[in-house]
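> Model the structure of this input:
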Amino acid sequence: MSTIQQKIRDERKLRGLTQEGVAESLGVSRATYVAIEQGKRELSISHKQKLEEIFGDAVVGSEENYQKYRQMILEFLTLPEFKNGIPKTKLAKMLYLADFGWFYNHLESMSRLQYRKIEYGPVPDYYFRAIEEMYGEDGVSDGGLIDIRKEETTDGHTAFMISATRAGGSRSRDLLNKEEKAHIQNVGDRWKNARVREIVAFTHEQLPYKVCRYNEIIPYSLIIQEDPSNVI
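Numbering: from 1, shown residues only. You can find the predicted model right below:
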């Protein structure tokens with residue numbers, strides 16, 4: 001089974017979807033869908049597009065997009081101003097701002113992943129997968145590329161602080177070019193001293209988040225309508 005078919009099957013099971021249900025969404029018979037999952041039938045362009053809508057991310061796209069997103073996480077975590085860690089929610093927001101801010105200037109996102117509107121903000125479905133995998137990365141002697149710890153905030157809340165381990169800090173980030181790394185640095189500089197609620201309020205007031213419905217994929221193109229001062 002190819003990587004693409006494996007992803008499709010895994011994502012369907014992860015979401016508790018049946019083969020019949022996905023087949024109906026694709027407009028094909030169950031037998032045809034089973035053949036797609038088993039790699040016995042080639043995916044058409046229309047089927048790829050519909051599968052991306054169903055699963056909310058580019059599961060039929062390049063694995064490189066996901067790996068680049070992981071490198072974006074490590075790039076933020078290894079900035080000197082975040083050597084003591086970043087709250088999990090704040091990290092997610094800065095990744096969003098990096099991606100949508102990059103689109104604002106280049107008409108393409110940095111990671112090319114799709115972001116979904118959920119209650120706590122815009123995130124790719126794979127943010128949570130990335131954090132989980134990087135915390136327990138196989139083959140890393142000290143347990144993973146990142147460390148997660150609970151920490152009490154000054155306003156009495158509990159935050160999950162994420163920091164890079166030694167292995168994470170030394171991991172290659174070769175999928176990011178110098179301009180992309182400089183952009184991530186700019187986002188980090190802008191929000192290094194901000195509380196979580198400040199960056200949450202900022203992203204929630206942006207047009208892309210405000211106009212979309214909950215659980216809907218957020219079009220990158222909406223960020224173009226923002227004032228430059230409200231992008232990152």
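> okay, CA-based contacts and neighbour counts for the rest of this
Fine.
> Quick check: the spatially most central residue of the chain vs residue 27, distance?
By Cα atoms, centre = their mean, the mean C-alpha position of the chain lies nearest to residue 124, the distance being 3.5 Å. Residue 124 sits 26 Å away from residue 27, going by Cα to Cα, to the nearest Å.
> what bits of this protein have low per-residue confidence?
The chain contains residues with pLDDT under 70 at 1-3, 45, 49, 56-62, 137-143, 153-155.
> make it 50
1, 58, 141 (pLDDT under 50).
> Strands of that one, residue ranges please.
86-87, 115-118, 121-124, 146-152, 158-164, 217-218 (DSSP state E).
> what comes into contact with the longest helix along the chain?
For the chain, the longest helix by residue count, based on DSSP state H, is helix 88-106. If you take Cα atoms under 8 Å, 6 or more residues apart in numbering as the criterion, helix 88-106 is touched by 72-73, 76, 108-111, 115, 121-123, 127, 159-162, 183-184, 187-188, 191, 196, 199-200, 203, 220-221, 223-224, 231-232.
> Mind splitting the protein into its structural domains?
What automatic domain parsing lists as the domains of the chain is 3-55, 63-230.
> Could you say which of these is packed most deeply?
domain 63-230 (a mean of 17; mean count of other Cα atoms under 10 Å).
> okay, how far is it across that one, tip to tip?
With Cα to Cα as the measure, domain 63-230 spans 31 Å from end to end.
> Show me how far that domain is from its chain's centre.
Put simply, domain 63-230 sits 7 Å off its chain's centre (Cα atoms, centre = their mean, to the nearest Å).
> Ok, stretch 17-34 next?
27 Å.
> okay, how far is it across that stretch, tip to tip?
Start-to-end, stretch 17-34 (Cα to Cα) is 13 Å.
> Now do that stretch: everything it contacts.
With Cα under 8 Å, 6+ apart, stretch 17-34 has contacts from 12, 41, 47, 50, 51.
> thought residue 145 was touching residue 134?
Yes: if you go by Cα atoms under 8 Å, residue 145 and residue 134 touch, sitting 5.1 Å apart.
> how far away is residue 228 from residue 73?
Using Cα to Cα, residue 228 is found at 24 Å from residue 73.
> With residue 149 instead?
For residue 149, the distance to residue 73 - Cα to Cα - is 17 Å.
> One more: residue 16?
Distance of residue 16 to residue 73, given as Cα to Cα: 28 Å.
> same thing with residue 157?
Remark: distance between residue 157 and residue 73 (Cα to Cα) = 24 Å.
> just residue 88 next, same as before
From residue 88 to residue 73 the distance is 11 Å (Cα to Cα).
> Same question for residue 42.
Using Cα to Cα, residue 42 is found at 34 Å from residue 73.
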